[in-house]
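Student: next comes the sequence, and after it the predicted model I'd like to discuss.
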Amino acid sequence: MINLNEKYSAIKQKTNIFIEKGIPVLRLELSDVTNPTRAKCNGKDILLAGTNNYMGCTFDEECIKAGYEALHNYGTGTTGSRAANGGYDLHTQLEKNLAHYLKRKYCSIFTTGYQANLAVISTYVTKGDKVFVDIDSHASIYDGCRLSGAEIIVFKHNDAQDLAKRLERNKDAPGGKLVILEGLYSMFGDRAPLHDFVDLKQKYDFTLLLDEAHSFGIIGENGRGLAEEQGVEEHIDLIVGTFSKSLGSIGGFAASNSEDFNLLPYIARPYIFSASQCPSSIATTIEALKQFERKPERRKRSKMLSEKLHAGLKALGLNIACDVPSPIVAVKIADENELVKKWNDLLENGLYVNIALPPGTPSGTYLLRCSVSSAHQESDIEQIISIFQKCVV
Ligand code: PMP
C-alpha cells in the first residue's frame, strides 16, 4: 500500500507550517465574490489584489450575458474532446476571432493555458530535438518539455547571450530546435528583452515560441502582448496564451502563421484526450476579446494603477522584484517564515495577494505578489499600499 504521508513527508511538514500559522495558504477559500476586486474570506471583507484579473472581465455585464445565452443555447458542457465529440461553432468562432486579433493565420484553443503549452511544445519537439527554456519558465512550459521527450536545455533568465552560447554549442546537432520565452514573467512581472532573442535568429535556426499569458490583453497598444510592445511580432513563430487572466475565463490558445500548425489537433495529446471547454466560458471569452478592441481605456487605466502601486510600495522602502512597473508588482521577502507571517497579516487586515515561493519562484525567492486589475479604484491602490505599510514594512 502506498503511503502518501511517507512519500511526501517533506511537503507534509511544509503544509503543517502553513496551517499552524493560520489559514491554509494553498487552500484559501473565498466566498461572496461580488466583483473583480472584492470577496469575503472567513466572513471578513477582503480586497483582492492577487487574481490576475487584469482587465476586470469576470463581472463585465456583457460577458455575463454572453455566458448565460450560451448556457441556455448550448447547455453546460461539451462532455468530450473535439476529436471525439466534435467541436461547437463557438469554438471555431473564437479561434477565428483570436487569429484575427493576433494578426495570425491560424489559431487553436485548448481547455486550459497549461494544456496549450503541453500541446504545442510536445507537438513541435519530440525525442531527438532540443528545446531551450528560460530558467524562470512557468511549470506548464517545463511540463510540456518533459512530455515532448526532447532534450531540455535551460538558459539564464532573460539572458540572450547565455542562450547564444548554448545554441552555438548545439549548432551542428541534428533535430529541431525550439526556443521558449515568456512575455511578462508571471512572478516578478519583468519583461523579456525580445529584441536580443530575436536577433539570434539571424545566426541560428530555431522556432521561437512566446508565452504571453500575463501580457495578452494588457501590454502593447492594442493588447497583443509584449511582442507588440517591443515591435517584434513578425519574428515570433508561435504565440501561446490563456483565457484565465485578462480574458476572465478559462482556456488557452496557440497561434501561428505557419500552415503546418494545422496538424496540431491531429497530434497533440492534451488536445485530443481532454474535453473541450464548456460553451459558456467560450462565449464569455469571445465577448471579452471584443472588449480588448472596444475598451482600450482599460489598458491605460491598468498602466496608471500599476505605476501608482509600484511607486507606492517602492516609496515604503520595500524590495520590489522588478524596477519597471507592470500589472504584476511583487515584493521580495527574506524567508519562508516571514513570508507566511506577513501574508497572514495582510489577509487579517483585509488584503489578499499571492504568496509565491519555490518551486513557483526561483530558488530562495519569496514573494508577496500583487496583480493590478483595471477594475481597481485608485482608492483601492491606496488601501493596498497602506495595508503593506502596516503589515510588511
Ligand atoms: N503560462 C504561464 C506563463 C502562466 O503563468 C500560466 C498560469 N499561471 C499558464 C501558462 C497556464 O495557464 P492556465 O492557468 O490557463 O492553465
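Tutor: Great, that's in hand.

Student: what residues does the protein have near the ligand?
Tutor: Residues of the chain lying close to the ligand by CB under 6 Å from any ligand atom are 112-114, 117, 138, 140, 182, 186, 211, 213-214, 242, 244, 252. Every C-beta, even on glycine, is put in place using the N, C-alpha and C of the backbone.

Student: list the ones among those residues that fall in helices.
Tutor: Secondary-structure check on these using DSSP state H: residues within helices are 113-114, 117, 140.

Student: quick check: of the residues you listed, which lies closest to the ligand?
Tutor: Sorting those by distance to the ligand puts residue 113 at the head of the list, at 2.5 Å, by CB to the nearest ligand atom.

Student: how close does the residue nearest to residue 222 when sequence neighbours are not counted get to the ligand?
Tutor: In this structure, residue 222 finds its nearest non-sequential neighbour in residue 228, 6.3 Å apart by CB to CB, 6 or more residues apart in numbering. Counting by CB to the nearest ligand atom, to the nearest Å, the separation of residue 228 from the ligand is 17 Å.

Student: which SSE is residue 228 in?
Tutor: Residue 228 belongs to helix 226-229 when elements are defined using DSSP states H and E.

Student: for that helix, list the C-alpha coordinates in PDB.
Tutor: C-alpha atoms of helix 226-229 as PDB (Å, rounded to 0.1, in the frame of the first residue of the first chain):
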ATOM      1  CA  LEU A 226       4.900  42.100 -25.300                       C
ATOM      2  CA  ALA A 227       5.800  41.300 -28.900                       C
ATOM      3  CA  GLU A 228       3.600  44.100 -29.900                       C
ATOM      4  CA  GLU A 229       5.000  46.500 -27.300                       C
END
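
Student: one step back: quick one: which of the residues of the chain next to the ligand is most hemmed in?
Tutor: residue 211 (34 neighbours; other CB atoms under 10 Å).

Student: thinking again about what came up before, now the ones in helices among the residues of the chain next to the ligand in JSON lines, with pLDDT?
Tutor: Written out in JSON lines, the entries for those read as follows (pLDDT from 0 to 100):
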{"residue": "113", "pLDDT": "98"}
{"residue": "114", "pLDDT": "98"}
{"residue": "117", "pLDDT": "98"}
{"residue": "140", "pLDDT": "97"}
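
Student: closest to residue 259 among those residues?
Tutor: Closest approach between those and residue 259, by CB to CB: residue 117, at 21.6 Å.

Student: can you tell me how far that closest one is from residue 373?
Tutor: 24 Å (CB to CB, to the nearest Å).

Student: kindly report the same for residue 87.
Tutor: With CB to CB as the criterion, residue 87 and residue 373 are 31 Å apart.

Student: so these two - more neighbours on which side?
Tutor: When residue 87 and residue 373 are compared for neighbours, residue 373 comes out ahead with 28 against 18, by other CB under 10 Å.

Student: let me see the contact set for that one.
Tutor: The contact partners of residue 373, by CB atoms under 8 Å, 6 or more residues apart in numbering, come to 36-37, 48, 51, 53-56, 302, 305, 327.

Student: flag every buried residue along the helix or strand residue 264 falls within.
Tutor: If you go by DSSP H and E, residue 264 is part of helix 264-267. Of the residues in helix 264-267, 264-265 count as buried by neighbour count, 16 or more other CB atoms under 10 Å.

Student: tell me the mean pLDDT over it?
Tutor: Averaging the model's pLDDT scores along helix 264-267 yields 96.

Student: any regions of this structure where pLDDT drops low?
Tutor: Residues of the chain meeting the criterion pLDDT under 70: 17, 20-26.

Student: strands of that one, residue ranges please.
Tutor: Ranges of strands in the chain, per DSSP state E, are 31-35, 38-41, 44-48, 106-110, 130-134, 151-155, 177-182, 207-211, 238-242, 252-256, 328-333, 351-352, 354-356, 366-371.

Student: where does the stretch 251-393 of the chain get nearest to the ligand, residue-wise?
Tutor: For the stretch 251-393 of the chain and the ligand, the shortest gap (CB to the nearest ligand atom) falls at residue 252, measuring 5.1 Å.
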